[in-house]
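> Below: sequence and its predicted model.
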Amino acid sequence: METIHLRIHKVCKDFGKVRVLNHVSLDVPQGSFTTFLGPSGCGKTTLLRTIAGFYTPDSGEIYLGNRLMNNVPSHLRNAIMVFQDYALFPHMTIEENITYGLRIRKIPKDQIKARLERTVAYLGIGNLLDRMPGQISGGQQQRVALARALIMEPEILLLDEPLSNLDAKLRINIRAELRQLQQRLKITTIYVTHDQAEALALSDRIAVMNEGKIVHYGTPQELYYHPADPFVASFIGKVNLIRGRIIENRMGNTWVDVQKIKVLVKNHFDHLQPQDEVMLCVRPETIRIAKASEEKEENAIPGVVTNYIFEGATIRYWVNALNQEWVVDVFDPVEVLPPDTKVFLRLKPERIHLMPARA
Ligand SMILES: Nc1ncnc2c1ncn2[C@@H]1O[C@H](COP(=O)(O)OP(=O)(O)OP(=O)(O)O)[C@@H](O)[C@H]1O
Ligand SMILES: [Mg+2]
């Protein structure tokens, strides 16, 4: 059984008249890597700062283990936050930066030294200790900021978009390192990003936020294949969304009318009744594309290729079908279907996800 390390229960936070956190509830398992993902302004940083103790919730509770944290000041929380801009002290050496928190806590010198050696070894920055922050690269600064947090041996590590100042290649390297480090130390980590690819690559759990609420909390696979609503579906990866109406729903076979085409969905949606309006969510790489001259089979939707881009391992097609544009990714393409080719899009019954349609 998973142990819950951090419990956020119905937390609300207002700034003036604006409700920035709206009844946020979330259980973070011990040792997990959990990501808050959402568009700019949705409340990610506010939630992280509330966990760190820089803000007090207006209502609701925050528990670390079994301990209610609402009125515990941030320096007694043992939840350490790494800020987006690293905030290194420019006039201190790297060593002084990393050991600062331990020195103000009056930890004995030999202990500081031992912890310093262990931490910088983990992060591969032992050769930078005498330098000043202005004399090291962005990626190195990022590691120093992380070292400064890890050396405190926090119960929870809170990272607010820590990679956003780095170039694309370095980001990918460092995020892989970060994940390995987190798994080695088994430290409960909360990571904030608005980059869905980063969230998918790093996380055990993702909490998708929108307008101060958590709209879906689950594993990357759950969010990708079974998103709670169209917002989550389109925020994570590329998706085709199309409206339909339930015809019949029995024993894991759901028949949906999509503009008079009968589409079979095999995914167990027990709550859906005939006549319910639904949104079909179909990922581009789950669609097969075939020339219209080939035999028509079930779940085949007629369309016309409008455009494509060749990306090496895949071709991405844009296809006009049922009065809307579809995106289809073909892996290991053998032939190219040029624009104006008549095609069928074959939808795999077990790869279609159904969501309640918004009016
Ligand atoms: N101290 C504050 N006083 C008033 N409003 C604030 C304050 N901090 C944040 N806000 C507002 O609260 C909302 C949420 O802000 P927050 O910084 O949590 O968003 P975010 O999800 O971290 O966004 P980003 O991805 O841009 O960093 C925004 O509308 C913001 O303008
Ligand atoms: Mg933010």
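Everything's here; your move. Ligands and ions are numbered 1, 2, ... in the order given.
> Please count neighbours and contacts with C-alpha atoms only from this point.
Will do.
> Now do the SS call for Asn127.
What DSSP: H, G, I helix; E, B strand; the rest coil gives for Asn127 is helix.
> same check, this time on Ala201
helix.
> gap between the residue most central in space within the chain and Asn210?
Taking C-alpha atoms, centre = their mean, the centroid of the chain lies closest to Ala199, which sits 3.1 Å from it. Applying C-alpha to C-alpha, to the nearest Å, the value for Ala199 to Asn210 is 15 Å.
> circling back to that earlier point, the residue nearest to the centre of the chain reaches Thr35, doesn't it?
Yes - assessed by C-alpha atoms under 8 Å, Ala199 is found in contact with Thr35 at 6.3 Å.
> any shared contact partners between the two?
Contact with both Ala199 and Thr35 is made by residues 193, 206, according to C-alpha atoms under 8 Å, 6 or more residues apart in numbering.
> Confirm for me that Lys348 is in contact with Asn299.
Yes - contact criterion C-alpha under 8 Å: Lys348 and Asn299 qualify, at 7.4 Å.
> What's the local residue count around Pro220?
22 (other C-alpha atoms under 10 Å).
> Give me the contact list for stretch 252-268.
With C-alpha under 8 Å, 6+ apart as the test, stretch 252-268 has contacts from 242-249, 251, 269-270, 298-299, 301, 322, 348-353.
> If any of those are buried, put those into a ChimeraX selection.
Paste this into ChimeraX to select the buried members of the contacts of stretch 252-268, with burial taken from 16 or more other C-alpha atoms under 10 Å:
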select :242,243,244,245,246,247,248,249,269,299,301,348,349,351,352,353
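> Which of the contacts of stretch 252-268 fall in strands?
242-249, 301, 352-353 (DSSP state E).
> and which of the residues you listed is nearest to ligand 1?
His353 (27.6 Å; C-alpha to the nearest ligand atom).
> Distance check, the residue lying closest to that closest one once chain neighbours are set aside against Arg358.
Once flanking residues are discounted, His353 sits nearest to Cys281: 5.0 Å by C-alpha to C-alpha, 6 or more residues apart in numbering. Distance from Cys281 to Arg358, counting by C-alpha to C-alpha: 13 Å.
> quick one: which of these two has more around it?
Relative neighbour count places Cys281 above the other of Cys281 and Arg358, with 24 against 10, counting by other C-alpha under 10 Å.
> residues contacting that one?
Contacts of Cys281 (C-alpha under 8 Å, 6+ apart): 230, 233, 239-242, 352-355.
> For those, which single residue is the most surrounded?
Of the contacts of Cys281, with other C-alpha under 10 Å as the count, Leu354 tops at 30 neighbours.
> Test of understanding: give the bridge partners of that residue.
Leu280 (DSSP bridges).
> How about Ile289?
Leu345.
> Who are the contact partners of it?
328, 330, 343-346.
> can we see that at 7 Å?
Taking C-alpha atoms under 7 Å, 6 or more residues apart in numbering, we find Ile289 in contact with 343-346.
> Compare those residues and tell me which is most surrounded.
Phe344 (26 neighbours).
> Name the nearest residue to it, sequence neighbours excluded.
Closest to Phe344 by C-alpha to C-alpha, 6+ apart is Pro302, at 4.5 Å.
> number of nearby residues for that neighbour?
The burial count for Pro302: 20, using other C-alpha under 10 Å.
> That one contacts Ala321, correct?
Yes - between Pro302 and Ala321 there is a contact at 6.1 Å, judged by C-alpha atoms under 7 Å.
> Downstream of the longest helix seen in the chain, the next helix or strand is which one?
In the chain, assigned by DSSP state H, the helix with the most residues is helix 168-185. Per DSSP states H and E, helix 168-185 leads on to strand 188-193 as the next helix or strand towards the C-terminus.
> Name every strand pairing with that next one and say which way it goes.
Here strand 188-193 has these sheet partners by DSSP bridges: strand 33-37 (parallel), strand 156-160 (parallel).
> Quickly compare the ones you listed and say which is most buried.
strand 33-37 (a mean of 26; mean count of other C-alpha atoms under 10 Å).
> which other residues reach it?
Contacts of strand 33-37 (C-alpha under 7 Å, 6+ apart): 44, 188-194, 196, 199, 203-209.
> quick one: that strand to helix 168-185, angle?
140 degrees (axes from the mean of the first three to the mean of the last three C-alpha atoms, to 10 degrees).
> How about the contacts made by the residue in the stretch 51-200 of the chain positioned nearest to ligand 1?
Relative to ligand 1, the nearest point of the stretch 51-200 of the chain is His194 (6.0 Å; C-alpha to the nearest ligand atom). Each residue near His194 by C-alpha under 7 Å, 6+ apart is listed here: 37-39.
> Return only those of those residues found close to ligand 1.
With C-alpha under 6 Å from any ligand atom as the criterion, the subset of the contacts of His194 in contact with ligand 1 comprises Pro39.
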